[in-house]
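*Asks:* Need a 3D model of the following:
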Amino acid sequence: MTDRLNTIFGWLLFAGVVALMLRFGMNLIMPDAERPEQLGYVIEGVETGDGAAEGPALATLLAMGDAAAGENSFSKCAACHTIEQGGANGIGPNLFAVMGQPIGSHVPGFEYSSALAGHGGEWTYENMDAWLASPRAFANGTKMSFAGLSDPQERANMMLYLLQYGGGPALPEPPAEEPAAEEGVEGEAAEAVEGEETEAGAEGEEAAAAEAA
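*Replies:* Numbers count the residues shown, from 1 in each chain. Model prediction:
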């Protein structure tokens, strides 16, 4: 029995030595390849997620928005909210005159979530835009299960529709447009004409001096 065990252990040891030698030999033949700095293929024109391109400013979206389109978008909210003056509260509060009001308290007696009631601030255009984009991101713990509107223009349209029911703060002024490229071209052309006139005047003076000599 002891001899059989010795034989088994001997074969196991031999197999281990052989495996170690094979591995050593493979490392000599095929050394580990260095990890490439960039994995996979790069597809041009695809955002990597490091930073999304900025779109128009909120004030610009509001200036070019459409309240009628906002009414269509509000149909997504109608199951939980009313918007007419004196409308009943549903799962969510009535939204008449909500713009510009304190966050989480504009309807007295409605039981807001603690996350929204304790948020602070007012329903400015910036706050409403962030809320409509993602209620859970704006007030983590809110009872509102709406996923949000990903399209910035749709959110602007929605706010314009809300303004039609009870009004709200004045719309922000869109940022001033940058000077058109044509102005720069016109300026260069004017400088070129001035340069030509200067050269012509210098040539005339030289000719007059030559005649006088």
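*Asks:* How about residues contacting stretch 65-74?
*Replies:* Stretch 65-74 has contacts (C-beta atoms under 8 Å, 6 or more residues apart in numbering) with 83, 149, 153-154, 156-164. For the C-beta atoms, the positions are set from N, CA and C on the backbone; glycine is no exception.
*Asks:* same thing but at 7 Å, please
*Replies:* 83, 149, 153, 154, 156, 157, 158, 160, 161, 164 (C-beta atoms under 7 Å, 6 or more residues apart in numbering).
*Asks:* For it, list every residue counted as buried.
*Replies:* Neighbour counts over stretch 65-74 (16 or more other C-beta atoms under 10 Å) mark 65, 67, 69, 70, 73, 74 as buried.
*Asks:* okay, now residue 97: neighbour count?
*Replies:* For residue 97, the neighbour count with other C-beta atoms under 10 Å is 18.
*Asks:* Where does pLDDT dip in this protein?
*Replies:* Along the chain, the parts satisfying pLDDT under 70 run over 1-6, 9, 20, 24-53, 178-213.
*Asks:* quick one: the strands in it?
*Replies:* Taking DSSP state E as the criterion, the chain contains no strands.
*Asks:* just so I have it, where are all the helices in it?
*Replies:* Using DSSP state H, the helices of the chain run over residues 2-29, 58-63, 67-74, 114-117, 125-133, 135-138, 152-163, 181-212.
*Asks:* Any idea how many residues pack against residue 12?
*Replies:* Residues within reach of residue 12, counting by other C-beta under 10 Å, total 10.
*Asks:* what's the distance between it and residue 19?
*Replies:* Distance from residue 12 to residue 19, counting by C-beta to C-beta, to the nearest Å: 11 Å.
*Asks:* Which residues are in contact with residue 167?
*Replies:* Residues counted as contacts of residue 167 (C-beta under 7 Å, 6+ apart) are residue 97.
*Asks:* repeat for residue 82
*Replies:* Shown in contact with residue 82 (C-beta under 7 Å, 6+ apart): 88, 90, 94.
*Asks:* Going by distance to residue 105, which of these wins?
*Replies:* Set against residue 105, the nearest of the contacts of residue 82 by C-beta to C-beta is residue 94 (13.2 Å).
*Asks:* Tell me how many other residues surround that closest one.
*Replies:* By other C-beta under 10 Å, neighbour count at residue 94 equals 20.
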